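# when you get a sec, could you give me coordinates for this:
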Amino acid sequence: MVVLTGEVLVDLIGRNTSAHSSLSYTGILGGSALNTASTLARVGAPTRFVSEVGQDFLGEWAIARIAERKIETRFIQQLPGVPTPLSVAEVDAAGNARFSFYRAFGSTQFCPDSAAMARAKWFHFGSLSAFEPRNVAGIESLLEIAREYDVLVSFDPNLHAEPSEAYWQQLERYMPYVSVLKASLNDAQLLFPHAPNDPQVLLEHLVELGTPVTVLTLGATGAMAAFRTRMIRVPGVKVAVADTIGAGDAFMAGLIYGMMKQEIGSRMELLSWDGTQLPVILSSSNHLAAITCTVEGASPPEQPLHAWWERFG
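Numbering: from 1, shown residues only. Next comes the predicted model:
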């Protein structure tokens, strides 16, 4: 069972310009960790999502859509008097999205049920919501259970702005729990704004955060990873890009799926793993991200996803 926690968002996606007299959006289910969960479920991984929505129409709609994706929803709480969060994504001509987020949880606190970690073989979290004060204690409670039962943990920063000092302090508290760190080139540039804009140097900075496996995605040019004393780089996959929404989340799904196929049952087993399959895992994750870019939104198209599973599953 893969257990993931993160936001449930309704993404409003538009291709508007300032010249438009009115705005047009399409509403779809979103949230970085939820996108990752959706892809994992589609390739056959038992998946559970731990989160919150409002006790409103959008919350009911979101839970119904999540259940349709064969993701276990019983640990998604509906909060009375709270609106379900929204994100607005404006997509430019190159397919890149600029996001705005609208959240109103008030004084509520994220209080996940410890039973959400039952039968967990992998736990994933990340994004800015993991650093909101209302969420930290709840996430740390799940991480403590993961540590107690030796569940492997992955983290994706998924940054959209340069982090604050408070962010760094919390990141340092999270990192001892994490076995696999996946960051994008943009994440690394935001985390280390004074470092040279060289992927290898940025990966070296990420490695200093202390996770056994560290992955840096490079968009169209591929991905890099560091494991023990080795650095690995694999090329990107050329596709016609519709937009890049969810590409990193799909890569994360491929990374979790590939690592779980290695049947690594604990952090100690990960430290003794030979890593020979890591280039294949990176390549498969690149392919999964690339096919997600061929359509609008974060959901990989069915036929290419099936072909991916035939090749890498």
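# tally of neighbours for Leu305?
19 (other C-beta atoms under 10 Å). All C-beta atoms are positioned from the backbone trio N, CA, C, and that covers glycine.
# could you do the one 4 residues further on as well?
Taking other C-beta under 10 Å as the criterion, the count of residues near Trp309 is 15.
# over to Trp273?
If we define neighbours as other C-beta under 10 Å, then Trp273 has 18 of them.
# mind listing what it touches?
262, 264 (C-beta atoms under 8 Å, 6 or more residues apart in numbering).
# and Arg173, by the same measure?
Contacts of Arg173 by C-beta under 8 Å, 6+ apart are Glu140.
# what's the answer for the one 5 residues further on, then?
Contacts of Val178 were listed using C-beta under 8 Å, 6+ apart, and they are 153-155, 211.
# so which of these are in strands?
Of these, the ones assigned to strands by DSSP state E are 153-155.
# what's the helix or strand for Ser285?
helix 278-292 (DSSP states H and E).
# next: His306.
Assigned by DSSP H and E, His306 falls in helix 302-312.
# check Ala183 too.
strand 180-184.
# what strands flank that strand, and is each parallel or antiparallel?
strand 152-156 (parallel), strand 213-217 (parallel) (DSSP bridges).
# that older thread, now the helix holding His306: buried residues?
304-305, 308, 312 (16 or more other C-beta atoms under 10 Å).
# okay if I get the residues you listed as a markdown table plus distance to Leu218 and pLDDT?
Compiled in a markdown table, the buried residues of helix 302-312 are given as follows (distance: C-beta to C-beta, whole Å; pLDDT from 0 to 100):
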| residue | distance to Leu218 | pLDDT |
| --- | --- | --- |
| Pro304 | 21 | 92 |
| Leu305 | 22 | 92 |
| Trp308 | 20 | 94 |
| Phe312 | 19 | 90 |
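# returning to what we had before: looking at the strands paired with strand 180-184, which is closest to Ala19?
strand 213-217 (33.6 Å; C-beta to C-beta).
# coming back round to it: C-terminal to the strand holding Ala183, what's the next element?
helix 185-191.
# dump that following helix to CSV, keeping only the CA atoms.
Extracted C-alpha coordinates of helix 185-191, given in CSV (Å, rounded to 0.1, in the frame of the first residue of the first chain):
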residue,chain,number,x,y,z
LEU,A,185,15.6,22.0,-11.4
ASN,A,186,13.3,25.0,-10.5
ASP,A,187,13.0,23.6,-6.9
ALA,A,188,16.8,23.4,-6.6
GLN,A,189,17.3,26.9,-8.0
LEU,A,190,14.8,28.3,-5.4
LEU,A,191,16.4,26.3,-2.6
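# other residues contacting that helix?
Against helix 185-191 from outside (C-beta under 8 Å, 6+ apart): 157-159, 161-163, 183, 195, 197, 199, 202-203, 205-206, 216-219.
# the helix-or-strand element of the chain with minimal mean pLDDT packs against which elements?
Lowest on mean pLDDT, DSSP states H and E among the helices and strands of the chain sits strand 97-102, with a mean of 86. Counting contacts by 3 or more C-beta pairs under 8 Å, 6 or more residues apart in numbering; DSSP states H and E, strand 97-102 is packed against strand 86-91.
# now the strand it packs on: buried residues?
86-91.
# want to try TSV for those, with distance to Tyr102 and pLDDT as columns?
Below are the buried residues of strand 86-91 laid out as TSV (distance: C-beta to C-beta, whole Å; pLDDT from 0 to 100):
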residue	distance to Tyr102	pLDDT
Leu86	4	93
Ser87	7	89
Val88	7	91
Ala89	12	86
Glu90	14	88
Val91	18	86
